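Peer 1: Build the 3D model from these lines:
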Amino acid sequence: MIRIGTGYDVHRLVENRPLILGGVKIEHPLGLLGHSDADVLIHAIMDALLGALALGDIGKHFPDTEKAYKDCDSLLLLKKVGELVNEKNYVINNIDSTIIAQEPKLEPHMKVMVENIERTLNLSENRVSVKATTEEGLGFTGSQQGIAANAVVSLVKGELIK
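Peer 2: Numbering: from 1, shown residues only. The predicted structure follows:
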C-alpha cells in the first residue's frame, strides 16, 4: 500500500530570532517567530508524514502550549515523527519540498538541509528533495513578512524495494 501526504507551514519573519531552515542556521537579519525553532521546512515535512498516516498535524503531537517544545530543535521532532512512521510499518519512499522565501538565497544551504533530513530519518541518498523559490515580490513571502514551505511525501507499507 502507498500513502501520500502533503504539508504546509508558514512563520512570520521578526528581528532577534535565528533563521533556521532544514536544520541549518542561516545568517540573516530576520528569523522566524514560533514556539519551537520555527523551521518551516521541517514542519511542512512533519505535517506531510503525519497526514499520510492520518495522524493529524504537528500541533496535535507537539502543541505550542507544551513548555518542552519551547525553542526546540525541529529535527528532534522530525525524528519522533519518523519513529511513528516506522511504528506503523511504513517506509518513506520520497520527500519533495519547497521553501518559499524572497530572501536569503538558499541554494548554498540546500545540500546540508537534505543531508540533515536524510540523517534524521535514516534515509538513503536521492530520496529527499529540497527546492526554493521566490514569489517575485508578491504576497507576504515576497514582501519578506514571512517564509513558507510545502512538502509532499510518499510512504510504502513494509520494506522499501531498492
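Peer 1: Name the nearest residue to the residue positioned nearest the centre of the chain, ignoring sequence neighbours.
Peer 2: Centroid check for the chain by Cα atoms, centre = their mean gives Ile42 as the closest residue, at 1.7 Å. Among residues not flanking Ile42 along the chain, Ser74 sits closest, at 3.9 Å (Cβ to Cβ, 6 or more residues apart in numbering). The way it works is simple: take the backbone N, C-alpha and C, and place the C-beta from them, glycine included.
Peer 1: Assess the claim that that neighbour and Gly22 are in contact.
Peer 2: No - with contact defined as Cβ atoms under 8 Å, Ser74 does not reach Gly22; the gap is 9.2 Å.
Peer 1: so what's in contact with the two at the same time?
Peer 2: Taking Cβ atoms under 8 Å, 6 or more residues apart in numbering as the contact rule, Ser74 and Gly22 both touch Asp39, Ile42.
Peer 1: low pLDDT regions in the protein?
Peer 2: Low-confidence segments of the chain, defined by pLDDT under 70: 160-162.
Peer 1: Okay, helices next: where are they in it?
Peer 2: All helices of the chain, identified by DSSP state H, fall at 40-52, 58-61, 74-87, 110-121, 139-142.
Peer 1: and among those helices, the most buried is which?
Peer 2: The highest mean neighbour count among these, using mean count of other Cβ atoms under 10 Å, belongs to helix 40-52: a mean of 27.
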